[in-house]
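Asker: Give me coordinates for this.
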Amino acid sequence: MKNKFLSLILCCCVFLAEAQQNNKVLLDLINVENDQISVRFTPGAIEQDEVEFQIPKIVPGTYSISDFGRFVNELQAFDQNDSLLTVEKLSVNRWSIKNARTLKYITYKVDDTFDSDLDNTVFEPGGTNIEAENDLFMLNTFGFIGYIKGYDKVPFEVTVKHPEKLYGATSMIGNKIDAQTDVYVVSNYFDLADAPIMYSVPDTTFTKVGGAEILVSVYSPNNQLTSTEVMNNVAAILEGQKNYLGGKLPIKKYAFLIYLFTGGTKSGAYGALEHSYSSLYVLPEGGIDRIGQTVNDVAAHEFFHIVTPLNIHAEQIGDFDFIDPEMSEHLWLYEGVTEYSSHHMQVKYDFYNSTEFLDVIRRKIFSAARYNRDLSFTEMSANVLKPEYESEYGNVYEKGALIGMCLDLILINESQGKYNLQQLMQDLSKEFGKDQSFKDSELFSKIESLTYPAARAFLDQYVRGNDRLPLKEVLKYAGIDFDEEKVVKTASIGGISLGLNKDRELTVTSADNLNEFGTDMGYQQGDVLVSLNGQELTLATVQDIFNDYANNTKEGDKVTMVVKREMKGKVKTKKLKGKAVLQESTQRNVISINESPTETQKVVRRAWLRP
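Answerer: Numbering: from 1, shown residues only. Predicted coordinates:
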């Protein structure tokens, strides 16, 4: 009994000691003044006379400096008697606090980044937004909550006081204390920074996929989009991704947080920022018919980040330095393979047909050519924060995806269809996982040990080296022909120039250069294109429909273009009819499916493009 009692006392002491080490944070979303949120930070026991409080300079998933300390005002530190301690601002993101052993708490106020007048605009999905009058708080936690240097790896307990009618959508598991109080507990600052929260009047939908709970939360100021519509739209994509990843997802909960805006953004851009268990979207407001495909494509990419860097990452990510970070040299893996997988999954599970998928690959070949083609990809990745490399970052979604495709085809070819890139990703996840990082310099050797010498040779020559990707060679493995230049015959649309009218409809802006086919069709300036051969033309569909028409229409085929035309002061629908005319032209980066593949090519093609 005595021993049991002593053990109980020791357990309680250990528990109390751990509890005293917790960092506690209070965010007040109720008493918002001057578009600022008040923050109270209470650290655990401090063992130094002087400490440094830090707000991130840069955060994972972004590859530019944000300097969130710019948005912090009136930072003060107090001792156990609520008296002010001496605070010295060391730099934009760092504050020194004297007599820190007596530190009780720190208070400060935070502006949001969305409407800031400061230079160096923060890309909105990686920023913060306070719209108290609209009942909206977009909390990228790293933009509001800092940490004491050396104490970032202990647990954080975050209490959010919020208006009663608001709901906090997040991947974190929260405890609702009362109608206005939520509490979130995470293991360390990295996990906290990895989990955004969106507080708004709730429009949320939940479902289960592959053993994981999936949450969609939407803020649409004019109610043009609902969470139910988004969930219905992405549900099939998520099922496809589950199957692509082996039938089960390596997470328990995932959150899609979608903020829609009217007008424009300060950065002039929109998109999403990935996190391990969630993704935060900032997109122009529109109905599911207008932005549904955009949501699908972006969601497909961001969701795949549950594989990397969540379960496969270098030391630079696993032990991320929010003030003075080092970049990993493997952006081809984190972003490139993720981008490739988001499209490849869609052809494997019939969201694309083979022609549409190859059109995506072709567009990426064109886009990659706009970047420095003689630059080593690992060199660019490791130095991406330096000004001379910053403009090359976008190539991770272009050449990075093509690197993923090449590696996939090499693995399929070497294994005669029995092994592929996704199986390699699963093997790397088992080898490392969430809590174990790899060394940058050792990744290629690890991939070689798990796969084939050909994979290592490719990575050395084309990723660490700067040789041009062997697209013709690797596509040939699957019986796909690639020509940098080729004379082809394609069906003409008619020589019309297209643009958007005030209603963002596809409109003939000029009919001055019509060819013979265009003249026979009878296009006129101002015609609004409605459909081509029965297929509705929208911003989301026009590229694919025109590509299919150009490449698969035969000479003399009947063509019907439905247009809206103003006639005698009224807008009427009119059918324009003609017979297709093929034109000969020299095209670049032509990808075509060989109709007479070898038996070996059939095996590779089947393994690559179909389950």
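Asker: Going by C-alpha atoms from here, please, whenever you check contacts or count neighbours.
Answerer: Noted.
Asker: which other residues reach the strand or helix carrying residue 295?
Answerer: In the assignment (DSSP states H and E), residue 295 maps to helix 288-303. Helix 288-303 is contacted from outside by 224-225, 229-230, 233-234, 237-238, 241, 271-275, 278-279, 338-339, 341-343, 539-540, using Cα atoms under 8 Å, 6 or more residues apart in numbering.
Asker: got the buried residues for it?
Answerer: 288, 291-293, 295-303 (16 or more other Cα atoms under 10 Å).
Asker: go on, stretch 114-134?
Answerer: In stretch 114-134, counting by 16+ other Cα under 10 Å, buried: 114, 121, 122, 123, 124, 125, 126, 127, 128, 129, 130, 132.
Asker: Closest one of these to residue 139?
Answerer: Nearest to residue 139 among the buried residues of stretch 114-134 is residue 128, at 5.6 Å by Cα to Cα.
Asker: domain parsing for the protein?
Answerer: 21-116+141-193, 204-306, 315-479, 493-580 (automatic domain parsing).
Asker: Can you convert those domains into JSON lines and add a column each for mean pLDDT?
Answerer: Below are the domains of the chain laid out as JSON lines (pLDDT from 0 to 100):
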{"stretch": "domain 21-116+141-193", "mean pLDDT": "96"}
{"stretch": "domain 204-306", "mean pLDDT": "91"}
{"stretch": "domain 315-479", "mean pLDDT": "95"}
{"stretch": "domain 493-580", "mean pLDDT": "92"}
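Asker: can you put the ones you listed in CSV and add distance to residue 587?
Answerer: Below are those laid out as CSV (distance: least, Cα to Cα, whole Å):
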stretch, distance to residue 587
domain 21-116+141-193, 35
domain 204-306, 27
domain 315-479, 12
domain 493-580, 12
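Asker: secondary structure class for residue 31?
Answerer: The assignment at residue 31 comes out as strand when based on DSSP: H, G, I helix; E, B strand; the rest coil.
Asker: how near is it to residue 160?
Answerer: Using Cα to Cα, to the nearest Å, residue 31 is found at 12 Å from residue 160.
Asker: If you count surrounding residues, which of the two has more?
Answerer: Comparing residue 31 with residue 160 by other Cα atoms under 10 Å, the one with more neighbours is residue 160, at 20 against 14.
Asker: can you tell me the helix or strand for the nearest residue to the more buried one once chain neighbours are set aside?
Answerer: Nearest non-adjacent residue to residue 160, counting by Cα to Cα, 6 or more residues apart in numbering: residue 27, 4.8 Å away. Element membership for residue 27, per DSSP H and E: strand 23-33.
Asker: Excluding its own residues, what touches the next helix or strand after that strand? List them.
Answerer: Remark: after strand 23-33, the chain's next helix or strand is strand 36-42, criterion DSSP H and E. Strand 36-42 is contacted from outside by 23-29, 31-32, 104-112, 130, 144-145, using Cα under 8 Å, 6+ apart.
Asker: filter these to the buried ones?
Answerer: 23-29, 104-112, 130, 144-145.
Asker: Okay, and the beta partners of the residue nearest to residue 160?
Answerer: residue 39, residue 160 (DSSP bridges).
Asker: Start the count at 517 instead of 1 going forward.
Answerer: Got it, the first residue is 517 from now on, which makes the last one we talked about residue 543.
Asker: isn't it right up against residue 677?
Answerer: Yes: applying Cα atoms under 8 Å, one finds residue 543 in contact with residue 677, separated by 6.2 Å.
Asker: so what's residue 653 up against?
Answerer: 545, 644, 645, 646, 647, 714, 715, 716.
Asker: that older thread, how about the buried residues of stretch 630-650 in JSON lines, adding secondary structure and distance to residue 887?
Answerer: Output for the buried residues of stretch 630-650, formatted as JSON lines (DSSP: H, G, I helix; E, B strand; the rest coil; distance: Cα to Cα, whole Å):
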{"residue": "630", "secondary structure": "coil", "distance to residue 887": "30"}
{"residue": "637", "secondary structure": "coil", "distance to residue 887": "24"}
{"residue": "638", "secondary structure": "coil", "distance to residue 887": "23"}
{"residue": "639", "secondary structure": "coil", "distance to residue 887": "21"}
{"residue": "640", "secondary structure": "helix", "distance to residue 887": "25"}
{"residue": "641", "secondary structure": "helix", "distance to residue 887": "25"}
{"residue": "642", "secondary structure": "helix", "distance to residue 887": "25"}
{"residue": "643", "secondary structure": "coil", "distance to residue 887": "27"}
{"residue": "644", "secondary structure": "coil", "distance to residue 887": "31"}
{"residue": "645", "secondary structure": "strand", "distance to residue 887": "33"}
{"residue": "646", "secondary structure": "strand", "distance to residue 887": "37"}
{"residue": "648", "secondary structure": "helix", "distance to residue 887": "42"}
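Asker: of those, closest to residue 710?
Answerer: residue 642 (11.0 Å).
Asker: buried stuff in stretch 836-853?
Answerer: Those would be 836-839, 841-853, for stretch 836-853 by 16+ other Cα under 10 Å.
Asker: Just the endpoints, please. Distance across it?
Answerer: From its first residue to its last, stretch 836-853 covers 21 Å (Cα to Cα).
Asker: can you check stretch 626-640 too?
Answerer: Start-to-end, stretch 626-640 (Cα to Cα) is 16 Å.
Asker: Name the residues that touch that stretch?
Answerer: Residues from elsewhere that reach stretch 626-640, judged by Cα under 8 Å, 6+ apart: 551-555, 582, 587-589, 643-646, 660, 781-783, 785-786, 798.
Asker: Going through these, which ones are buried?
Answerer: Applying 16+ other Cα under 10 Å to the contacts of stretch 626-640 flags 551-555, 582, 587-588, 643-646, 660, 781, 786, 798 as buried.
Asker: gap between residue 1060 and residue 1094?
Answerer: Using Cα to Cα, one gets 21 Å for the distance from residue 1060 to residue 1094.
Asker: Just to check, residue 724 is in contact with residue 732?
Answerer: No: the pair residue 724 / residue 732 is not scored as a contact, 11.5 Å apart, by Cα under 8 Å.
Asker: Those two - which one has more neighbours?
Answerer: Neighbours were tallied for residue 724 and for residue 732 using other Cα under 10 Å; the higher tally belongs to residue 732 (24 against 15).
Asker: closest to residue 1122 out of the domains of the chain?
Answerer: Using Cα to Cα, the domains of the chain put domain 831-995 closest to residue 1122, at 8.0 Å.
Asker: mind checking the end-to-end distance for that closest one?
Answerer: Start-to-end, domain 831-995 (Cα to Cα) is 39 Å.
Asker: same thing with stretch 815-835?
Answerer: End-to-end for stretch 815-835, by Cα to Cα: 27 Å.
Asker: and if you look at stretch 725-745?
Answerer: Start-to-end, stretch 725-745 (Cα to Cα) is 17 Å.
Asker: That stretch: how far from the chain's middle?
Answerer: Put simply, stretch 725-745 sits 17 Å off its chain's centre (Cα atoms, centre = their mean, to the nearest Å).
Asker: SS state for residue 576?
Answerer: Recorded secondary structure, residue 576: coil (three-state DSSP).
Asker: For it, give me the backbone phi and psi.
Answerer: Residue 576 has phi and psi values of phi -60, psi 140 when expressed as degrees, to the nearest 10.
Asker: residues contacting residue 906?
Answerer: 580, 900.
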